[in-house]
Every structure is written in structure tokens, then in C-alpha cells.
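**Q** The following block contains a protein sequence and its predicted model.
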Amino acid sequence: MLDRFALAAIGGYQRHLSPRKGYACAFRVAHGGTGCSGFAKAAIADLGVWRAVPVIRKRFADCRDAAEELRDAGRKEKKGKWYDTCNSAGGCDIPSTRGCGKIDTTPDCDCTPDCCSF
């Protein structure tokens, strides 16, 4: 009885709430396979609610770790924009897709696309 209720609740979540929340399971994005709700549904169907709880908790912890890894990777991807590229000499390395399309290493460059003295 409890198993059927839990499976119905997860099915309702998957059908009605998950599509509206606007983001995907971090574990699935990072590692592929099924999302956490699908994993929980399969675990409950195979093991029953009480034996599935520790397995599901472990998966949620792994999902939290995957979310942190994805967040850190997103921060690293944001590096390299023209405003993050001032070099130690006070010059500016403007990527070829920004500004004048050349590298400006003049000491008075303030790292803006307009600072191209060519």
C-alpha cells in the first residue's frame, strides 16, 4: 500500500511538477541515465519503500555533489570574457570576437572593447 502511494506520488511529481520547475536533475546532466525521481521510482518498485530509502538518500547526495561540480564548471566557463582578461602588466587581451579584434597591450588600457589603439 505504501509502495503504491509512493510510486503514485513520484509519478505525479514527474508528470505535473518536474516539467514546470525549469531545470533538470544534476546527476542526470552530469552522468547520463535517469534522473533522481526515475531512480527513486525504480528503487521503490524493486526494493520497497523502506529498503529503498537509504539507496535514494545516497543518490540525492550524489546529485547534490553533481550540482556543485556543474556549478563550479559554470563558473570556470565564465572566465575569458573581455572584462576578465586584464593582464598583469596593466594591458588588455581583448579576444578576437570583441572590440577591434586584436590584442591591445598598451599599459593604459582599461580592458574595454573601446581601448584599441591600432
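**A** Great, that's in hand. Numbering: from 1, shown residues only.

**Q** only C-alpha atoms for contact and neighbour calcs from this point on.
**A** Will do.

**Q** Output the lowest-mean-pLDDT helix or strand in the chain as CSV, nothing but the C-alphas.
**A** Lowest on mean pLDDT, DSSP states H and E among the helices and strands of the chain sits helix 18-21, with a mean of 90. The C-alpha trace of helix 18-21 is given here as CSV (Å, rounded to 0.1, in the frame of the first residue of the first chain):
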residue,chain,number,x,y,z
SER,A,18,9.0,18.5,-12.8
PRO,A,19,8.2,19.9,-16.3
ARG,A,20,7.4,23.2,-14.7
LYS,A,21,10.3,23.8,-12.5
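
**Q** immediately after that helix, which helix or strand?
**A** helix 26-31 (DSSP states H and E).

**Q** Can you list the buried residues in that following helix?
**A** Ala26, Phe27, Val29 (16 or more other C-alpha atoms under 10 Å).

**Q** Looking at the first one now. What's its pLDDT?
**A** Spelled out, that is Ala26. What the model reports as pLDDT for Ala26 is 94.

**Q** quick one, what contacts it?
**A** Remark: with contacts taken as C-alpha atoms under 8 Å, 6 or more residues apart in numbering, Ala26 is in contact with Gly35, Cys63, Arg64, Ala66, Ala67, Leu70.

**Q** List buried residues within those.
**A** Gly35, Cys63, Ala66, Ala67, Leu70.

**Q** ok so, going back, quick one: which of the buried residues of helix 26-31 is nearest to Pro54?
**A** Phe27 (17.1 Å; C-alpha to C-alpha).
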